[in-house]
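>>> Kindly return the folded structure for what I paste below:
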Amino acid sequence: MDKEETSIRSQVLPMAALIGGNVALALGPWLVRLADSGAVSAGFWRVALALPFLALMARVNGQRMTGMSRKMVLAVLAGGVFFGFDIASWHIGIGDTRLANAVLFGNSGSIILMLWAFIALRRLPHGREWPAILAATTGAAILLGRSLEISQTNLVGDLFCLLAGLLYAGYLLILQDARKELGSWSLLTLAGLASAPVLLGTALVLDEPVWPTDWTPLIVLAFSSQLVGQGLLVYALRHFPPLVIGIALLTQPAVAAVVGWFVFDEVLVPLDFVGIALVGSALALAKATTPRVRA
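Below you'll find the model as predicted:
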């Protein structure tokens with residue numbers, strides 16, 4: 001009986017962590033909208049408030065943050081800059097488009113990485129890669145067209161979220177070697193140290209209000225996105241193949257769509273669901289088929 005309980009626990013806990021992490025991350029856009037600071041300022045506080053806890057997790061898990069080569073230091077700094085602009089672009093887009101679109105396009109890094117890999121390897125797609133590209137292109141066209149029907153502002157919001165996906169793909173590519181040598185917690189901490197000044201500087205350039213009057217949304221955002229969401233995924237990722245991770249990623253737009261509907265009256269028509277399903281399936285396929293290449 002003990003062995004059976006242990007077996008069930010070993011299967012249930014990783015899946016619960018995978019779903020829970022995606023749900024926690026999906027609530028981020030809602031909290032960004034609730035914050036009474038600027039959108040980019042909310043990104044700064046999201047990173048800054050979580051940094052001490054990320055550093056503590058790195059220390060508890062024995063992950064080093066010193067003694068790196070100059071090349072790795074530069075890579076981590078560059079990756080942090082990309083991560084900072086990724087969050088800034090995404091948070092701006094969140095305010096100007098529907099939550100489901102923001103989450104989908106913000107997670108488009110997997111598809112962008114797949115396309116970049118074809119260029120780097122100098123080959124055409126094959127197998128399941130063609131359906132992923134076709135689904136992504138068709139789904140994105142549907143969602144962008146629907147946003148333009150609503151307003152030009154919504155379309156601009158979608159484009160900012162797509163830019164965020166592109167920047168996140170750059171962040172992953174720059175840090176692919178560092179991820180092999182540094183632990184997940186230490187890498188998140190170091191990238192956060194580099195991205196926080198970028199976010200603060202961008203907020204000041206945009207003349208956003210930085211200091212909030214209500215800290216609750218920002219504290220919950222830092223806790224849910226940077227700590228709970230990232231932490232659960234760090235635990236879960238080692239237990240599943242890429243395709244399962246990609247399918248679980250579809251939890252995020254589903255949760256965002258429900259929040260957008262109930263909280264912000266963002267009604268989705270059947271064509272929206274078709275676009276979401278196509279982009280979502282492309283994300284799942286991209287995670288499973290992206291070739292492994294060096295930056």
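>>> going forward, measure contacts between C-alpha atoms and count neighbours the same way
Noted.
>>> Could you report the distance from the residue positioned nearest the centre of the chain to residue 227?
In the chain, the C-alpha nearest the mean C-alpha coordinate belongs to residue 107, at 5.2 Å (Cα atoms, centre = their mean). Counting by Cα to Cα, to the nearest Å, the separation of residue 107 from residue 227 is 18 Å.
>>> Ok, residue 63 next?
In this view, residue 63 and residue 227 are 16 Å apart by Cα to Cα.
>>> These two - which one has more neighbours?
Shown here are residue 63 and residue 227; by other Cα atoms under 10 Å, residue 227 has more neighbours (25 against 18).
>>> Neighbours of the residue nearest to the more buried one when sequence neighbours are not counted, how many?
Leaving aside its sequence neighbours, residue 227 sits nearest to residue 50 (Cα to Cα, 6 or more residues apart in numbering; 6.8 Å). For residue 50, the neighbour count with other Cα under 10 Å is 21.
>>> now the strands for the stretch 51-200 of the chain?
For the stretch 51-200 of the chain, strands defined by DSSP state E, counting those that start in this stretch do not occur.
>>> and stretch 144-159, which residues are buried?
Using 16 or more other Cα atoms under 10 Å as the test for burial, stretch 144-159 gives 144, 146, 147, 154, 155, 156, 157, 158, 159.
>>> Touching, the third one and residue 99? I think so.
No. Under the criterion of Cα atoms under 8 Å, residue 147 makes no contact with residue 99, lying 11.8 Å away.
>>> At which residues are the helices of the stretch 151-295 of the chain located?
With DSSP state H, counting those that start in this stretch as the criterion, the stretch 151-295 of the chain has helices at 152-174, 178-181, 184-205, 216-221, 230-237, 242-248, 251-264, 270-289.
>>> To residue 129, which of the ones you listed lies closest?
Nearest to residue 129, of all the helices of the stretch 151-295 of the chain, is helix 270-289, at 6.4 Å by Cα to Cα.
>>> What residues of that closest one count as buried?
Applying a neighbour-count criterion of 16+ other Cα under 10 Å, one finds 272-273, 275-289 buried in helix 270-289.
>>> check contacts around residue 275.
For residue 275, the contact set (Cα atoms under 8 Å, 6 or more residues apart in numbering) comprises 138, 139, 140, 141, 142, 143.
>>> Please convert the buried members of the residues you listed into PyMOL selection syntax.
A single PyMOL command suffices to select whichever of the contacts of residue 275 are buried according to 16+ other Cα under 10 Å:
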select buried, resi 138+139+140+142+143
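>>> what would the contacts of residue 275 look like in JSON lines with distance to residue 259?
Putting the contacts of residue 275 into JSON lines (distance: Cα to Cα, whole Å) gives the following:
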{"residue": "138", "distance to residue 259": "25"}
{"residue": "139", "distance to residue 259": "21"}
{"residue": "140", "distance to residue 259": "21"}
{"residue": "141", "distance to residue 259": "23"}
{"residue": "142", "distance to residue 259": "21"}
{"residue": "143", "distance to residue 259": "18"}
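>>> list the contacts for residue 233?
17, 18, 21, 22.
>>> rerun that using 6 Å as the cut-off
Neighbouring residues of residue 233 by Cα atoms under 6 Å, 6 or more residues apart in numbering: 18, 21.
>>> And the helices in the stretch 1-150 of the chain?
Counting by DSSP H, counting those that start in this stretch, the helices of the stretch 1-150 of the chain are 2-26, 28-34, 39-60, 70-94, 99-106, 109-121, 129-150.
>>> for those, which one sits closest to residue 234?
That would be helix 2-26 among those, by Cα to Cα, at 8.9 Å.
>>> The closest one - what's its average pLDDT?
Mean pLDDT, helix 2-26: 75.
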